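Enquirer: generate coordinates for the sequence data below:
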Amino acid sequence: MSKSKYLSIFEEIKNKGGSLDGGEPNDKVLIIDGLNTFIRVFSVIPTTNEDGVHVGGIVGFLKSIGYVINMVSPTRVIIVFDGKGGSTRRRKIYPEYKQNRKTKYRVNRTYDFASQEDEKQNMIMQLQRCVEYLDTLPVTVLSYDNIEADDTIGYLTKQVLPDSNIIIMSTDKDFLQLANGRVKIWSPSKKKMYDDKSVFEEFGISSQNYIWYRVLDGDKSDNINGVRGLGLKTIRKKLPFLTDNHICNIDDIVSVLPESKELIDRNYKLMQLNDVDISGNTKTKIVQRVNEPINELVKYKFEKMFLEDKLFTALPNVTSWLLTNFNQLNRYAKKTHE
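Expert: This next block holds a predicted model:
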């Protein structure tokens with residue numbers, strides 16, 4: 001790379017990152033729903049490496065996190081994955097939870113895998129490789145057995161980082177219940193940043209009562225049925241108080257729909273993220289991990305993996321990409337080692 005090119009990169013970094021100005025790593029935290037991000041890009045990106053191996057999941061994942069980091073300039077990034085086994089708590093409440101996800105069709109819609117098993121093994125390989133890449137970056141990765149990312153993110157947002165400005169990156173609509181002046185949700189599929197105002201503008205329901213819309217409407221992707229005959233317009237008509245700033249409770253909802261009390265109670269337990277039901281031991285582990293020093297950027301390891309995976313054409317200027325997106329985060333990470 002020419003000297004002038006390096007100078008332009010560093011000037012871009014300087015202009016983008018600026019000074020830390022006494023800021024702290026937890027001032028502005030970007031929390032990424034890891035598996036949600038990976039599946040979204042794996043399913044649509046056909047990229048292959050120089051050997052013809054599908055690497056769309058790796059490339060799309062790295063580009064997605066780089067894009068949002070560059071867009072919001074966080075002081076810290078936490079990437080959360082579902083733990084092994086999924087949510088045992090939710091399956092106890094509702095044994096049919098996510099049973100519709102035992103797919104008989106392929107996930108990727110753009111690459112012709114030899115078989116469904118071939119696709120599955122490739123997907124596992126790419127996901128594992130993404131985690132290995134993350135280990136070289138100045139980010140915190142969280143995953144706990146039998147706990148879904150939703151619950152970990154809810155606990156981080158409400159209890160662990162109550163004074164931080166937070167951006168959650170996910171296409172999962174359940175996170176919109178957390179939106180307020182401090183917490184925003186970036187939907188990469190809609191390319192839209194949600195706060196409490198934009199939630200109300202789109203749904204006509206206040207963000208603090210958005211959970212009740214989800215409870216009544218259900219979630220087909222998780223195999224959670226809603227109240228029959230109720231859609232957004234009908235919900236707003238039957239329960240006009242959901243548009244108010246008053247925080248509604250289950251009694252308010254059941255008073256209007258007493259015949260659906262059992263379903264409402266079940267769905268609320270499955271879908272609410274403001275006060276998540278996870279064990280004290282897991283909560284302690286989450287707090288301890290968040291309080292640990294953040295890994296610093298290990299550029300040579302990232303670049304070594306990049307060469308091994310032959311991703312040259314997919315991400316042609318990896319050095320520039322690393323420095324532009326992770327230089328400021330690395331400076332904040334170093335502060336946690338002081």
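Enquirer: so Lys192 sits against Lys184, correct?
Expert: No - Lys192 lies out of contact with Lys184 (C-beta atoms under 8 Å); the separation is 10.2 Å. Every C-beta, even on glycine, is put in place using the N, C-alpha and C of the backbone.
Enquirer: more neighbours, these two?
Expert: Lys184 (20 against 11; other C-beta atoms under 10 Å).
Enquirer: show me what the helix or strand containing that one pairs with in its sheet, parallel or antiparallel.
Expert: Using DSSP states H and E, Lys184 sits in strand 183-187. Paired with strand 183-187 in the same sheet, following DSSP bridges, are strand 165-169 (parallel), strand 192-194 (antiparallel).
Enquirer: end-to-end on stretch 155-165?
Expert: 14 Å (C-alpha to C-alpha, to the nearest Å).
Enquirer: next: stretch 188-207.
Expert: 19 Å.
Enquirer: now do stretch 71-83
Expert: Span of stretch 71-83 from end to end, C-alpha to C-alpha: 28 Å.
Enquirer: what element comes up after the least confident helix or strand in the chain by mean pLDDT heading to the C-terminus?
Expert: Sorting the helices and strands of the chain by mean pLDDT, DSSP states H and E puts helix 3-17 at the bottom, at a mean of 48. Downstream of helix 3-17, the first helix or strand assigned by DSSP H and E is strand 28-33.
Enquirer: low-scoring stretches of this structure, by residue?
Expert: Along the chain, the parts satisfying pLDDT under 70 run over 1-22, 100-106, 109.
Enquirer: quick one: the strands in it?
Expert: 28-33, 76-80, 140-142, 165-169, 183-187, 192-194, 218-219, 224-225 (DSSP state E).
Enquirer: any chance of these in JSON lines, plus distance to Asp151?
Expert: Converted to JSON lines, those look like this (distance: least, C-beta to C-beta, whole Å):
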{"stretch": "strand 28-33", "distance to Asp151": "12"}
{"stretch": "strand 76-80", "distance to Asp151": "9"}
{"stretch": "strand 140-142", "distance to Asp151": "11"}
{"stretch": "strand 165-169", "distance to Asp151": "13"}
{"stretch": "strand 183-187", "distance to Asp151": "16"}
{"stretch": "strand 192-194", "distance to Asp151": "20"}
{"stretch": "strand 218-219", "distance to Asp151": "15"}
{"stretch": "strand 224-225", "distance to Asp151": "15"}
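Enquirer: which one of these lies closest to Asn245?
Expert: When those are compared by C-beta to C-beta, strand 183-187 sits nearest Asn245, at 16.3 Å.
Enquirer: with just CA atoms, put that closest one into PDB.
Expert: This file holds the C-alpha atoms of strand 183-187, laid out as PDB (Å, rounded to 0.1, in the frame of the first residue of the first chain):
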ATOM      1  CA  VAL A 183     -31.900   2.500  24.500                       C
ATOM      2  CA  LYS A 184     -32.300   2.400  20.700                       C
ATOM      3  CA  ILE A 185     -32.700  -0.600  18.300                       C
ATOM      4  CA  TRP A 186     -31.000  -0.700  14.900                       C
ATOM      5  CA  SER A 187     -32.800  -3.000  12.500                       C
END
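Enquirer: quick one: buried residues of it?
Expert: Neighbour-count burial for strand 183-187, with 16 or more other C-beta atoms under 10 Å as criterion, is recorded at 183-187.
Enquirer: out of those residues, which one sits closest to Gln328?
Expert: Nearest to Gln328 among the buried residues of strand 183-187, with distances taken as C-beta to C-beta, is Trp186, at 18.1 Å.
Enquirer: returning to that earlier point: nearest approach to Phe241 belongs to which of the strands of the chain?
Expert: Nearest of those (C-beta to C-beta): strand 218-219, 20.6 Å.
Enquirer: what pairs with the closest one, parallel or antiparallel?
Expert: When DSSP bridges is applied, strand 218-219 pairs with strand 224-225 (antiparallel).
Enquirer: report the distance from the partner strand to the chain centre.
Expert: Computed by C-alpha atoms, centre = their mean, to the nearest Å, the chain-centroid distance of strand 224-225 equals 22 Å.
Enquirer: now Leu134: how far from Ile294?
Expert: Applying C-beta to C-beta, to the nearest Å, the value for Leu134 to Ile294 is 12 Å.
Enquirer: same question, Val72
Expert: Taking C-beta to C-beta, one finds Val72 at 17 Å from Ile294.
Enquirer: now the helices for the chain?
Expert: 3-17, 34-42, 56-72, 88-93, 116-134, 149-155, 196-203, 210-217, 232-238, 250-256, 261-271, 280-291, 299-308, 318-335 (DSSP state H).
Enquirer: now for the last one, which elements pack on it?
Expert: Spelled out, that is helix 318-335. helix 3-17, helix 56-72, strand 76-80, helix 299-308 (3 or more C-beta pairs under 8 Å, 6 or more residues apart in numbering; DSSP states H and E).
Enquirer: could the helices of the chain be laid out in CSV, adding mean neighbour count and distance to Asn26?
Expert: Output for those, formatted as CSV (neighbours: other C-beta atoms under 10 Å; distance: least, C-beta to C-beta, whole Å):
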stretch, mean neighbour count, distance to Asn26
helix 3-17, 12, 17
helix 34-42, 21, 19
helix 56-72, 20, 15
helix 88-93, 15, 28
helix 116-134, 16, 19
helix 149-155, 24, 15
helix 196-203, 16, 22
helix 210-217, 24, 26
helix 232-238, 14, 36
helix 250-256, 14, 33
helix 261-271, 17, 27
helix 280-291, 14, 8
helix 299-308, 14, 24
helix 318-335, 20, 9
